[in-house]
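> The amino acid sequence is not available; the structure is as follows:
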């Protein structure tokens, strides 16, 4: 299904606040289409976000690989 940007945004907004079944009924689209639209909107949104913006320091803990089962 080809849809507009505004329609995709509306479906994604509803999907965050309602169940997929409710979104399907309200927007009159298939259950699978909701998932595809949400995935596409999320990919577009994520592409514009820099996750490391403002990051100044990072700490890494060593994780043992042998002899210990608990972290």
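Arrived safely. If you're wondering where the values come from, they're calculated on a predicted model, not measured in any experiment.
> Grab the longest helix from the protein for me.
Determined from DSSP state H, the single longest helix within the chain is helix 31-47.
> buried set for that one?
Going by neighbour count (16 or more other CB atoms under 10 Å), the buried part of helix 31-47 is 33, 34, 37, 38, 41. Backbone N, C-alpha and C define where each C-beta goes, glycine included.
> any idea how far stretch 26-39 is from the chain center?
Computed by CA atoms, centre = their mean, to the nearest Å, the chain-centroid distance of stretch 26-39 equals 14 Å.
> hmm, who's touching it?
If you take CB atoms under 8 Å, 6 or more residues apart in numbering as the criterion, stretch 26-39 is touched by 1, 3, 7-8, 10-12, 14-15, 18, 20-21, 23-24.
> Ignoring the adjacent residues along the chain, who's closest to the residue minimising distance to the centre of the chain?
When the chain is reduced to its mean C-alpha position, the nearest residue by CA atoms, centre = their mean turns out to be residue 42, at 4.7 Å. Once flanking residues are discounted, residue 42 sits nearest to residue 12: 7.4 Å by CB to CB, 6 or more residues apart in numbering.
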